[in-house]
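> for reference, the sequence and a predicted model appear below.
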Amino acid sequence: MARNKEKLVLLLDVGPSMHGVLSEVEKLCSMLVEKKLIFSKYDELGVVVFGTEESNNDLTTEVGGYQNITVLQDIKVVDGDLVDTLQKLPRGTVDGDFLDAIVVGMDMLIKKYKDLHKGKKRLCLITNAIHPIKDPFEGSKEDQVMTIAEQMAAQGMKIESIVVRGRFSRDANKGVMDENDHLLSIFSKKTHTRTVYVDTPTSLLGALKTRRVTPVTVFRGHLELSPQMKIKVWVYKKTQEEKFPTLKKYSEKAPASNKLATHQVKVSYEYKSVDGSSNSVIPPEQRIKGYRYGPQVVPISTAEWDAVKFKPEKGIKVLGFTDASKIKRHCYMKDVYLFIAEPGNTRATLAVSAIARAMKEMNAVAILRCVWRQGQQNIVVGVLTPNISQNDKIPDSFYFNVLPFAEDVREYQFPSFNSFPASWQPNDQQQKAADELVQMLDLAPSGKEALLPEFTPNPVLERFYRHLELKAKQPDAAVPPLDETLKKIIEPDPELVAENKSVFDALHRHFELKQNPKLKKSSRQWYQEKQSGSNAHVSGGQAVNSIENQPPVKIEKIGDLTPVQDFEAMMSQRDNPEWVEKAIKELREKILALLIHPDGEDKYQKAVECVAALRKGCIIEQEPGPYNDLMHRIRQYCEEKGIKSLPQLLASRDLTLISKSEAEDSNVTAEEARSFFVKMEPKPDV
């Protein structure tokens, strides 16, 4: 049994007013279970729906009441069946009472766990809260909610409420909604949880935190303002990039009868010497890491590494203070950290609050030098920004962002339009059309952001988890089409585009798009056009494509009959970046073979054709090294053998070295390239 497993009950409103958003609720809850299967497979979950015509729960049977509430799934360890259950939620016929549903969920947790696992029991309510709840037999609704919230706190339970509004609540009674919002806020205050309001399917998809990460400090120690003034602080990560889960290799070799088999594949490596006849395994203490330096491998022992390592001491020091306007937002790097005073330390809390409020009043920030751990090699320098709390029960704190060093700064200089000729300058109509386009693309034109970062899920991860769940059930299933909700995140909003059609039309009228004839074609485009041209032949006065409606043949090796065509075909294959390197290497070997085993002038002519193709390919790929090295080897070979015809053929085709003007990585000047044929002329016999 996992030590930190969570006990969760989902309380889902399936009444008629929620039918329009239930499909998104199904996706949200299914995603919750799918992520728990990957990250928290020991968590337990139950499902309660309210607003159904029938009633099926223990409280209805035991004490009566609690109508129109159905326990769809008792609390159990998450599994694939839960995903299927949540993907087929019933459509209710009556307006449900969310307070009764909360009591039913509490009863399930109390009966299942009693006083165990305090702090790990949670309720999650998803409703629009637009219908009134029933009046209690005694007291007011607020008194009833207070009693339930206190009982919930005593049992160590928390409740998270997601309220769906927007277009789903336009005709609702505002007085009822305000009353329900007030009642839900009591739960939030008593259980120290949140109530989230969403108004779109996209924001609903990101409202429920499907994966909970336990906060871990990255630093505990002193914030040193001076040698005489230090404050004890704890540092947490405020934000962190969510990465793909680590998928382990799974083996089916273990016998089915072995119930203790983990089926995990473990990979181990052995190092053997290739020198001499001995193939004995080299033990770890006799191994030394080697690092490539050009064609050589330089061994560096662990002791040498330790001798040259920079070993700073753990600590955080304030280097100074500056005005907040001098630190630009685009300079922030990596994740955001949160600095808080040491919990329970009153003096540290007062010191942090005093400094934070003084910095806020002066609009100042602090520059820090941080070494999070002892022996850490890298040092970070960043900016400390005050975070003044609006809640009396939450102390003030700081946000910390890493700043770039000089080597990290990238300055991209773009020329001004004023430096261009007058004919290139935009006129008033063009400038107006461009301005209107930029203003139309604003995601927050009325002050309300369309895609709130806190409620916008990562579409790549969402699609990965859904596809993973599908593949688990159907290994041969095709990739499903992109979900409509995710399309709204990564594609232009159709409503926004339709509303601003006039802006696009104005842009099309004032800007004429033309193809730039001077634009250099990409290597792939050039080779594909070259191939399509070489595969066409004339028949009956018309060009006929000989491979029409047929897939291109994949070339994996340069042959002897048509080496140039094979080389061009390999260079145009872009399914693997290794094809380019392989094509260049094989054509070089083919050229050298043609020179070493000549068969008259025709063989030299074929070699020259290959050299021409190699030069063209290396220029397109901006890889001058292999070609220039080959030309030096050819020059050396001709001088040693006294060959005169080959240099003449190369000179007639202007197949000289690739200069720096043709490829940036070349170290050959234009003058050296022009004089290369002179150096290749063999010396006269004496």
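Everything's here; your move. Numbers count the residues shown, from 1 in each chain.
> got the buried residues for whichever helix or strand residue 609 is part of?
According to DSSP states H and E, residue 609 maps onto helix 601-620. Within helix 601-620, the residues scored as buried using 16 or more other C-beta atoms under 10 Å are 604, 606-611, 613-620. C-beta here means a position set from N, CA and C on the backbone, and glycine is covered the same way.
> stretch 448-459 too?
Neighbour-count burial for stretch 448-459, counted by 16+ other C-beta under 10 Å, picks out 450, 452, 455, 456, 457, 459.
> now the angle between helix 601-620 and the next helix or strand after the helix holding residue 609, please.
Using DSSP H and E, the helix or strand that follows helix 601-620 in sequence is helix 624-641. Taking axes from the mean of the first three to the mean of the last three C-alpha atoms, to 10 degrees, one finds helix 624-641 and helix 601-620 inclined to each other by 150 degrees.
> any idea how far helix 624-641 is from the chain center?
On the basis of C-alpha atoms, centre = their mean, to the nearest Å, helix 624-641 sits 46 Å off its chain's mean C-alpha point.
> in it, what counts as buried?
By neighbour count with 16+ other C-beta under 10 Å, helix 624-641 contains the buried residues 624, 626, 627, 628, 630, 631, 634, 635, 638.
> same check on stretch 646-665?
646, 647, 649, 650, 655, 656, 657, 658, 659, 662, 663.
> just give me the closest of those residues to residue 367.
Of all the buried residues of stretch 646-665, residue 367 sits closest to residue 663, with 43.1 Å by C-beta to C-beta.
> name the SS class of the residue minimising distance to the centre of the chain, please.
Residue closest to the average C-alpha location in the chain (C-alpha atoms, centre = their mean): residue 243, at 6.4 Å. Here residue 243 is recorded as coil under DSSP: H, G, I helix; E, B strand; the rest coil.
> re the thing from before, what's next to the helix holding residue 609, contact-wise?
Under the contact criterion C-beta atoms under 8 Å, 6 or more residues apart in numbering, helix 601-620 has outside partners 523, 526, 563-564, 567-568, 571, 583-584, 587-588, 590-591, 594-595, 597-598, 624, 626-627, 630-631, 634, 645-646, 649-650, 653, 655, 658, 662-663.
> pull the distance from that helix to the chain's centre.
Worked out by C-alpha atoms, centre = their mean, helix 601-620 lies 44 Å from the chain centre.
> could I get the average pLDDT for that helix?
Mean pLDDT, computed over helix 601-620, is 81.
> dump that helix to PDB, keeping only the CA atoms.
C-alpha atoms of helix 601-620 as PDB (Å, rounded to 0.1, in the frame of the first residue of the first chain):
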ATOM      1  CA  GLU A 601      39.100   8.300 -70.000                       C
ATOM      2  CA  ASP A 602      35.500   7.200 -69.500                       C
ATOM      3  CA  LYS A 603      36.300   6.300 -66.000                       C
ATOM      4  CA  TYR A 604      37.800   9.700 -65.200                       C
ATOM      5  CA  GLN A 605      34.800  11.300 -66.900                       C
ATOM      6  CA  LYS A 606      32.400   9.300 -64.600                       C
ATOM      7  CA  ALA A 607      34.500  10.300 -61.600                       C
ATOM      8  CA  VAL A 608      34.300  14.000 -62.600                       C
ATOM      9  CA  GLU A 609      30.500  13.800 -62.900                       C
ATOM     10  CA  CYS A 610      30.400  12.300 -59.300                       C
ATOM     11  CA  VAL A 611      32.700  15.200 -58.100                       C
ATOM     12  CA  ALA A 612      30.400  17.700 -59.600                       C
ATOM     13  CA  ALA A 613      27.300  16.100 -57.900                       C
ATOM     14  CA  LEU A 614      29.200  16.000 -54.600                       C
ATOM     15  CA  ARG A 615      30.200  19.600 -54.800                       C
ATOM     16  CA  LYS A 616      26.600  20.700 -55.500                       C
ATOM     17  CA  GLY A 617      25.300  18.600 -52.600                       C
ATOM     18  CA  CYS A 618      27.900  19.800 -50.100                       C
ATOM     19  CA  ILE A 619      27.100  23.500 -51.000                       C
ATOM     20  CA  ILE A 620      23.400  23.000 -50.600                       C
END
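> residue contacts, residue 584?
Going by C-beta under 8 Å, 6+ apart, residue 584 touches 614, 617, 618, 621, 623, 626.
> which of the helices or strands spans residue 256?
Short version, using DSSP H and E: residue 256 is in no helix or strand.
> for the helix or strand harbouring residue 177, packing partners?
In this structure, residue 177 is located in helix 174-191 according to DSSP H and E. When contacts are defined as 3 or more C-beta pairs under 8 Å, 6 or more residues apart in numbering; DSSP states H and E, helix 174-191 packs onto helix 98-113, helix 141-154, strand 157-164, strand 195-198.
> one more time with 10 Å
Applying 3 or more C-beta pairs under 10 Å, 6 or more residues apart in numbering; DSSP states H and E, one finds that helix 174-191 contacts helix 98-113, strand 121-127, helix 141-154, strand 157-164, strand 195-198.
> now it: buried residues?
Applying 16+ other C-beta under 10 Å to helix 174-191 flags 177, 179, 180, 183, 184, 186, 187, 188, 190, 191 as buried.
> contacting residues around residue 68?
Contacts for residue 68 were tallied using C-beta atoms under 10 Å, 6 or more residues apart in numbering; they are 14-15, 49-55, 60, 92-97, 100-101.
> correction: residue 59
So residue 59 contacts 65, 66, 69, 71, 100, 103, 104, 106, 107, 108 (C-beta under 10 Å, 6+ apart).
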